[in-house]
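Asks: How does the following fold in three dimensions:
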Amino acid sequence: MSTAVQIRRTGGPEVLEVAEVEIGEPGAGEIVVDVAAAGVNYIDTYHRSGLYKMDLPLTLGMEGAGTVAAVGPDVTGFKPGDRVAWQGQLGGYAQRAKISASIAVHVPDSVPDETAAAVMLQGVTAHYLVRSTYEVQEGDTILLHAAAGGVGLLLVQLAKARGARVIGTVSTEEKEKLAREAGADEIIRYDKVDFAEETRKLTGGEGVAAVYDGVGKTTFDGSLASLRVRGVLALFGAASGPVPPVDPQRLNSAGSVYLTRPTSAHYVRTREELDWRAEELFQAVTSGALNVRVGHRYPLADARRAHEDLQGRRTTGKLILQP
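Replies: Numbers count the residues shown, from 1 in each chain. Next comes the predicted model:
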């Protein structure tokens with residue numbers, strides 16, 4: 001048995017329940033992990049609320065890190081005692097998780113469990129955004145929303161490492177300080193000014209090469225208006241709610257711009273791609289080039305409070321559950 005955070009019905013944070021669940025022995029292609037740290041991500045709130053339809057009951061959590069406790073009969077490359085991390089499969093909010101070995105990666109001794117858990121889903125997201133969705137080039141100016149959030153702080157650093165000028169949006173003085181410490185060149189307080197107008201001013205009217213938007217409904221129009229001709233809007237989340245249907249003609253009038261709605265699963269489709277992204281992230285952490293800021297830690301039983309804080313925009317950096 002394993003203590004886990006489950007939902008039996010969809011709704012607000014109040015539907016989160018601590019329960020004892022049976023996870024069973026690992027089957028073909030599976031490993032069982034003693035979870036040392038589990039990441040809390042916005043996608044967890046989509047699963048909890050029913051925005052993403054899932055079979056119930058379910059254990060939340062799409063990423064974690066810990067030690068392999070058991071392996072399935074046909075698993076190669078992993079053995080009990082190995083330190084691993086993963087992203088992309090439910091079950092992380094638990095003391096023990098059974099996951100597919102195909103999504104697990106080895107964690108170097110130089111990377112703590114908490115950091116490994118913190119860098120998997122959000123780190124892979126930041127990596128594919130700047131390396132693949134729109135590959136940032138030296139001299140590019142980019143705009144990213146929620147620059148002091150978990151993905152935001154990683155995006156700032158990865159984009160700066162590729163030679164970009166980074167404009168970030170935040171809502172408080174504390175978040176502005178964190179984004180600047182991460183390397184953001186310009187900060188726009190979206191609670192005080194129109195960020196699209198300010199972005200145009202900061203780029204001499206040209207607009208930015210790419211907007212990385214994890215906020216969604218409330219920022220979409222402004223994000224579109226912030227792009228340069230043939231710029232890219234990467235809408236990778238919907239913290240403020242889903243964007244209503246869009247007339248494709250708007251992309252024409254905005255300057256023949258590109259709109260994409262990426263998701264991690266399509267950027268780690270092979271073992272080679274997953275290992276490439278994880279290895280680059282772990283190397284950057286080990287070298288000190290990437291600072292992974294864990295902003296808030298919660299016991300497993302306080303998962304509800306973690307969700308309330310996340311959706312209330314009371315958090316900065318990464319949120320971690322400690323099973």
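
Asks: the strands in the stretch 151-300 of the chain, which residues?
Replies: Defined through DSSP state E, counting those that start in this stretch, the strands belonging to the stretch 151-300 of the chain, from first to last, are 165-170, 186-189, 208-213, 227-235, 258-260, 294-299.

Asks: Residue 302: what's it in contact with?
Replies: residue 321 (CB atoms under 8 Å, 6 or more residues apart in numbering). Glycine gets a C-beta too; all of them are placed from N, C-alpha and C.

Asks: In TSV, list the strands of the stretch 151-300 of the chain along with mean pLDDT and mean neighbour count.
Replies: What follows is those, written out as TSV (pLDDT from 0 to 100; neighbours: other CB atoms under 10 Å):
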stretch	mean pLDDT	mean neighbour count
strand 165-170	98	26
strand 186-189	98	20
strand 208-213	98	27
strand 227-235	98	20
strand 258-260	98	15
strand 294-299	93	16
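
Asks: would you list the ones you listed in a markdown table and tack on distance to residue 195?
Replies: Output for the strands of the stretch 151-300 of the chain, formatted as a markdown table (distance: least, CB to CB, whole Å):
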| stretch | distance to residue 195 |
| --- | --- |
| strand 165-170 | 5 |
| strand 186-189 | 5 |
| strand 208-213 | 10 |
| strand 227-235 | 13 |
| strand 258-260 | 18 |
| strand 294-299 | 23 |
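
Asks: Show me which residues of stretch 96-111 are buried.
Replies: Judged by neighbour count using 16 or more other CB atoms under 10 Å, the buried positions of stretch 96-111 are 96-107, 111.

Asks: ok, those residues vs residue 75, which is closest?
Replies: For the buried residues of stretch 96-111, the residue nearest residue 75 by CB to CB is residue 101; the value is 4.8 Å.

Asks: how near is that closest one to residue 31?
Replies: Residue 101 sits 5 Å away from residue 31, going by CB to CB, to the nearest Å.

Asks: what does residue 323 give?
Replies: Between residue 323 and residue 31 the computed distance is 17 Å (CB to CB).

Asks: In terms of neighbours, single out the busier of these two.
Replies: Here residue 323 and residue 31 are compared on neighbour count by other CB atoms under 10 Å; more neighbours surround residue 31, at 26 against 23.

Asks: Mind listing the residues bridging to the more buried one?
Replies: residue 71, residue 99 (DSSP bridges).

Asks: same thing with residue 4?
Replies: For residue 4, the residues forming beta bridges with it (DSSP bridges) are residue 19, residue 94.

Asks: So it is in contact with residue 59, correct?
Replies: Yes - if you go by CB atoms under 8 Å, residue 4 and residue 59 touch, sitting 4.6 Å apart.

Asks: shared neighbours of the two, anything?
Replies: With contacts defined as CB under 8 Å, 6+ apart, the residues shared by residue 4 and residue 59 are 21, 91, 93, 94.

Asks: Number of residues surrounding the second one?
Replies: A count of neighbours around residue 91, defined by other CB under 10 Å, yields 23.

Asks: That one touches residue 103, doesn't it?
Replies: No - counting by CB under 8 Å, no contact exists between residue 91 and residue 103, whose distance comes to 11.1 Å.

Asks: Domains in the chain, by residue range?
Replies: Taking automatic domain parsing as the domain assignment, the ranges for the chain are 2-122+269-322, 138-261.

Asks: How far off centre is the shortest one?
Replies: Translated: domain 138-261. Centre-to-centre, domain 138-261 and its host chain are 16 Å apart (CA atoms, centre = their mean, to the nearest Å).

Asks: same deal with the longest one?
Replies: Distance of domain 2-122+269-322 from its chain centroid, counting by CA atoms, centre = their mean, is 12 Å.

Asks: Kindly provide the distance from the most far-flung residue of the chain relative to its centre to residue 81.
Replies: Distance from the C-alpha centroid of the chain peaks at residue 73, with 32.1 Å (CA atoms, centre = their mean). Relative to residue 81, residue 73 is positioned 18 Å away (CB to CB).

Asks: swap in residue 196?
Replies: 52 Å.

Asks: Mind checking which of these two has more residues around it?
Replies: residue 196 (21 against 8).

Asks: so who does the residue nearest the centre of the chain touch?
Replies: Centrality entry for the chain: nearest residue to the mean C-alpha point is residue 122, 2.6 Å, by CA atoms, centre = their mean. The contact partners of residue 122, taken as CB under 8 Å, 6+ apart, are 39, 41, 150, 151, 154, 318.

Asks: can I get those in JSON lines with pLDDT and distance to residue 287?
Replies: Formatted as JSON lines, these follow (pLDDT from 0 to 100; distance: CB to CB, whole Å):
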{"residue": "39", "pLDDT": "96", "distance to residue 287": "22"}
{"residue": "41", "pLDDT": "91", "distance to residue 287": "25"}
{"residue": "150", "pLDDT": "87", "distance to residue 287": "21"}
{"residue": "151", "pLDDT": "92", "distance to residue 287": "21"}
{"residue": "154", "pLDDT": "95", "distance to residue 287": "15"}
{"residue": "318", "pLDDT": "89", "distance to residue 287": "19"}
